[in-house]
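1. give me a 3D structure for the following:
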Amino acid sequence: GQSAGHVGMAVASYEWIAAITLVFVAIFFLPKFLKIGIFTIPEFLEHRYNAIPRAIMAFYTVIIYVAVTIAAVLYSGGLTLHTIFGIDLTLAVWIIGIIAAFYTAYGGLKAVIWADLIQGSALIIGGGITMVLGFIAVGGVDNFLQTNADRLHMVLPASHIEIPWTALLLGIWIPNFYYWGFNQYIMQRTLGARSLKQGQMGVIFAAGLKLLIPFMVVFPGIMALQLYRDQLVTADAAYPLLIKNLIPAGLKGFMFAAIFGAVMSSLDSMLNSASTIFTMDLYKRHFKKAASHKSLILIGRIMTVVFVLIGCLIAPQLGHPKFMGIFHYIQDFQGYISPGILAAFVFGLIFKRAPASAAITALILNVPVYGILHLHAFDHIVFLNKMAITFVILILAMTIVTLLKPLREPKILPSKGGIDMKPSSSVVWLGAAVIAVTIALYIIFW
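-> The predicted structure is shown next:
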């Protein structure tokens, strides 16, 4: 959707910078997570600091999952049904929510992983089909490149209202590292890896896919604007509109299944993550420490339903112009927690004497600092740069707290043993290749 708006190809930065981010996650962060043997990402903060940062992060994460990401994915799925089949948006949202809640609650993580594999493959194939048919519709690759030359730049002026080049220096890295490195929704797949190499290869493979996705998603968005500019009521409807007007009847069902599968894949993962964090990091840790495995499963299923209900109530409202599209909505609102979470993790890993009070300070200050930057007086600052400013302020705050009251001894993280923590040479070389290709793509689309 963003590519069909005023951002164009530059929105691919979220994917290509994510590719580099994932390489760092695989080589530097994943070994530490597997060494400790954590079940949830917030659990790491308790091992590094104490139970308070873990609880704060868990609370923040559940709120963002339900009110932002789950609601946004429900809206995008509902909008697809509405655009292609004319189904009422609110009804479409509830249909998707009920289906997702059912098989997430009764399938668990194993169902989530297999669903992601099948539906993710369908989405990639469907995206490739859409891209090829789009090129045909616009008169070929050369015509597409010539007609949209001004929209195919990765580096935009400093005055750009969404992704100026200044945001590429720091701002855009913050949501990327939070989302791809410290997010239960993403990391739950690798935390269950049998070996470090297995987990790392999975992350590196995902990084490689990140390099391809813009061509199958961003290009079609630009094509939609070129072909159906007058029909685009909102940029969020770009992809569904392409399917409705461009895809032959024989392929339309497959394409719808691919998009619907992607929506369901995201929803089931998010719901599983939200319920896992609620049950393990909040309910079991603070309300009922002696809870049995059976009762935790029941609580998880109940909360899955509750989260869907809340998401379905919020989702239909996201079409309002004030939210500037669902992609902007997700990225902007995650800024209320992502700088603080990233600061707590990175600072704690680098500075072994950082106390729990430093992490607590960063996590609590994040909301008011980022909120103040959203006042009218700061409207001239794009939200990614607001994240960067927030992150710098939080790091300074953690530094002051650490200097005033450092730990007496450096913190030593526990180790469950049994896993070789040294990255294999193949992981390092493949990671380097991903970074090299990413740099080349930026040079090509500069």
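2. so for stretch 53-69, what's the average pLDDT?
-> What stretch 53-69 shows for mean pLDDT is 93.
3. confirm for me that I38 is in contact with Q188.
-> No. The pair I38 / Q188 is not scored as a contact, 10.6 Å apart, by CB atoms under 8 Å. From N, CA and C alone the C-beta is placed, and that goes for glycine too.
4. most centrally placed residue in this protein?
-> Closest residue to the average C-alpha location of the chain: Y179 at 4.4 Å, with CA atoms, centre = their mean.
5. tell me the secondary structure at that residue.
-> Of the three states, Y179 takes helix under DSSP: H, G, I helix; E, B strand; the rest coil.
6. my read is that A291 contacts K284, right?
-> Yes. Between A291 and K284 there is a contact at 5.2 Å, judged by CB under 8 Å.
7. and stretch 398-408, average pLDDT?
-> 96.
8. pretty sure the residue nearest to the centre of the chain contacts S338?
-> Yes. With contacts counted by CB under 8 Å, Y179 reaches S338, the gap being 7.5 Å.
9. residues of the host helix or strand of L309 that come out buried?
-> Assessed by DSSP states H and E, L309 sits inside helix 293-314. Within helix 293-314, the residues that count as buried by 16 or more other CB atoms under 10 Å are 296, 299-301, 303-305, 307-308, 310-314.
10. contact partners for T90?
-> Going by CB atoms under 8 Å, 6 or more residues apart in numbering, T90 touches 78, 316.
11. secondary structure element for A433, which one?
-> According to DSSP H and E, A433 maps onto helix 425-444.
12. so what touches that helix?
-> 16-17, 19-20, 22-23, 26-27, 154-155, 197, 200-201, 204, 207-208, 211.
13. return a ChimeraX selection command for the buried portion of the residues you listed.
-> A single ChimeraX command selects the buried members of the contacts of helix 425-444 (16+ other CB under 10 Å):
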select :16,17,19,20,22,23,26,27,154,197,200,201,204,207,208,211
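14. among the contacts of helix 425-444, which are in helices?
-> When the contacts of helix 425-444 are checked against helices (DSSP state H), the matches are 16-17, 19-20, 22-23, 197, 200-201, 204, 207-208, 211.
15. okay if I get those residues as CSV plus pLDDT and distance to G140?
-> CSV is the format used below for those (pLDDT from 0 to 100; distance: CB to CB, whole Å):
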residue, pLDDT, distance to G140
W16, 95, 25
I17, 96, 30
A19, 96, 28
I20, 96, 32
L22, 95, 33
V23, 95, 34
K197, 87, 43
Q200, 91, 40
M201, 91, 37
I204, 94, 34
A207, 93, 31
G208, 93, 27
L211, 93, 23
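16. what separation is there between the nearest residue to I70 once chain neighbours are set aside and A72?
-> If the residues on either side of it in the chain are set aside, I70 comes closest to G311, at 4.1 Å by CB to CB, 6 or more residues apart in numbering. Counting by CB to CB, to the nearest Å, the separation of G311 from A72 is 9 Å.
17. what's the answer for A274, then?
-> Computed as CB to CB, the A274 to A72 distance reads 14 Å.
18. now V132
-> V132 sits 28 Å away from A72, taking CB to CB as the criterion.
19. same question for P214.
-> Applying CB to CB to P214 and A72 gives a distance of 20 Å.
20. more crowded one of those two?
-> A72 (24 against 21; other CB atoms under 10 Å).
21. what helix or strand is the more buried one on?
-> Using DSSP H and E, A72 falls in helix 71-85.
22. show residues contacting that helix.
-> Taking CB under 8 Å, 6+ apart as the rule, helix 71-85 contacts 87-90, 92-93, 95-97, 236-237, 239-241, 243-244, 252, 256, 259-260, 263-264, 266-267, 270, 310-312, 314-316, 318-319, 326, 329-330.
23. and the angle from it to helix 293-314?
-> 60 degrees (axes from the mean of the first three to the mean of the last three CA atoms, to 10 degrees).
24. got the CA positions of helix 71-85 in PDB?
-> Taking Å, rounded to 0.1, in the frame of the first residue of the first chain, the C-alpha atoms of helix 71-85 are listed here in PDB:
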ATOM      1  CA  ALA A  71      -6.000  -5.200  14.600                       C
ATOM      2  CA  ALA A  72      -4.000  -4.000  11.500                       C
ATOM      3  CA  VAL A  73      -3.800  -7.500  10.100                       C
ATOM      4  CA  LEU A  74      -7.500  -8.100  10.700                       C
ATOM      5  CA  TYR A  75      -8.200  -4.800   8.900                       C
ATOM      6  CA  SER A  76      -6.000  -5.700   5.900                       C
ATOM      7  CA  GLY A  77      -7.600  -9.100   5.500                       C
ATOM      8  CA  GLY A  78     -11.100  -7.600   5.800                       C
ATOM      9  CA  LEU A  79     -10.200  -4.900   3.300                       C
ATOM     10  CA  THR A  80      -9.100  -7.600   0.800                       C
ATOM     11  CA  LEU A  81     -12.500  -9.400   1.200                       C
ATOM     12  CA  HIS A  82     -14.300  -6.100   0.900                       C
ATOM     13  CA  THR A  83     -12.400  -4.900  -2.200                       C
ATOM     14  CA  ILE A  84     -12.500  -8.200  -4.200                       C
ATOM     15  CA  PHE A  85     -15.900  -9.600  -3.100                       C
END
